[in-house]
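Participant: output the structure for:
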Amino acid sequence: MSRDDIAPFPNPGVRLLQEDEHVAIWEEIFVPGVATAPHRHLRDYIAFFPDSGELTVTHLDGERETYSLLAGAMTALPGGDGQMRGAIAASTVLHSRVPAGGTAHVAVNEGSTALRMILVEVKGSSSAQG
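Facilitator: Here you go, the predicted model:
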């Protein structure tokens, strides 16, 4: 399966909170132990995690995103090749730089409680596709 065969974000169950010509703001709840559907990000985004938790992101095909920690704390945990696995502190904010053409991954909440994420897609970012 190529990256282009993977459905673009958002996944089923992800809720659109607000959208305008500059951003789309989404809410996603990661259920413990349940993997998201494989999905492709086509735009840079900023992810806000109001609560703490553990998340594993497994990259599927193509270039990986580049993550920057903007606020809070994320501690790297052991993971396999192609995985970004971390313990996320409450109030953590990450920026993801998505490569041109997008990037695909699956995410799994490795913790014991639901993990809420507010994701702000940046429209018009250099990697934006549509």
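
Participant: now do the SS call for the residue lying farthest from the centre of the chain.
Facilitator: Among residues of the chain, the one most distant from the C-alpha centroid is residue 21; the distance is 20.9 Å, by Cα atoms, centre = their mean. What DSSP: H, G, I helix; E, B strand; the rest coil gives for residue 21 is coil.

Participant: ok, the residue nearest to it when sequence neighbours are not counted - contacts?
Facilitator: With sequence-adjacent residues excluded and distances taken as Cβ to Cβ, 6 or more residues apart in numbering, residue 21 is closest to residue 123, at 6.6 Å. For glycine as for every other residue, the C-beta is placed from the backbone atoms N, C-alpha and C. Residues near residue 123 by Cβ atoms under 8 Å, 6 or more residues apart in numbering: 21-24, 43.

Participant: I'd say residue 42 and residue 10 touch.
Facilitator: No - the pair residue 42 / residue 10 is not scored as a contact, 11.1 Å apart, by Cβ atoms under 8 Å.

Participant: and the helices in the chain?
Facilitator: Using DSSP state H, no helices are assigned anywhere in the chain.

Participant: just the strands in it please.
Facilitator: Counting by DSSP state E, the chain has strands at residues 15-19, 23-30, 39-41, 45-49, 53-59, 66-71, 74-76, 83-88, 92-97, 103-109, 115-122.

Participant: all set now, cheers.
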